[in-house]
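Q: 3D model of this:
(chains A and B)
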Protein chains: 2
Amino acid sequence: MEQITLQVKGMTCGHCEKAVKSALLEVEGVKEVAVDLPSGSVAVEFDHEKATVTQMKAAVEDQGYDVE
Amino acid sequence: MEQITLQVKGMTCGHCEKAVKSALLEVEGVKEVAVDLPSGSVAVEFDHEKATVTQMKAAVEDQGYDVE
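A: Alright, predicted model coming up:
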């Protein structure tokens, strides 16, 4: 299991937080997601044999947010 | 049919807009809802024999937003 912190831009409220969290949890291999709304930091715990950072970024971007 | 414009505080994004719109459309007698996100103005067309302003305000407040 590995951990990465994505920097997500554009989350403004609890709905945004949920949208990003749900999208990441739908990526196969993602186990846990913790969002810090004020800073935009999204900590993701994942199995690197299943999930890639590219997939995770795409999942967040599909919801309309930018990943730095 | 009557029209009222509610001033809603706290909507920050498209998710908020949808939450407020859906909540208002669930009030019996509400026919149309138009949200202007930047200003917080929410125009509601409704049948005053069925829906009351009190019900509409409560529906919005239940979603976590303030109505002025």
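Q: residues in chain A within reach of chain B, list them.
A: A:12-16, A:19, A:64 (Cβ under 8 Å from any Cβ of the partner chain). In short, each C-beta sits where N, CA and C put it, glycine included.
Q: where does chain A dip in pLDDT?
A: Regions of chain A meeting the criterion pLDDT under 70 are absent.
Q: Quick check, central residue of it?
A: For chain A, the residue nearest the mean C-alpha position is A:Leu24 (4.7 Å; Cα atoms, centre = their mean).
Q: That one: what's it in contact with?
A: A:30, A:33, A:42, A:44, A:56, A:59-60 (Cβ atoms under 8 Å, 6 or more residues apart in numbering or on different chains).
Q: Next, check those residues against the strands and list the overlap.
A: Residues of the contacts of A:Leu24 located in strands (DSSP state E): A:30, A:33, A:42, A:44.
Q: re earlier: can you put the contacts of A:Leu24 in TSV and add neighbour count?
A: Conversion of the contacts of A:Leu24 to TSV gives the following (neighbours: other Cβ atoms under 10 Å in any protein chain shown):
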residue	neighbour count
A:Val30	20
A:Val33	20
A:Val42	24
A:Val44	25
A:Met56	22
A:Ala59	21
A:Val60	24
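Q: Tabulate the residues you listed in TSV, adding columns for distance to A:Leu6.
A: What follows is the contacts of A:Leu24, written out as TSV (distance: Cβ to Cβ, whole Å):
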residue	distance to A:Leu6
A:Val30	11
A:Val33	9
A:Val42	5
A:Val44	6
A:Met56	7
A:Ala59	10
A:Val60	7
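Q: In which helix or strand does the closest residue to chain B within chain A reside?
A: Of all residues in chain A, A:His15 sits closest to chain B, at 3.2 Å by Cβ to the nearest Cβ. Using DSSP states H and E, A:His15 sits within helix A:14-25.
Q: what comes up buried for that helix?
A: A:15-17, A:19-21, A:23-24 (16 or more other Cβ atoms under 10 Å in any protein chain shown).
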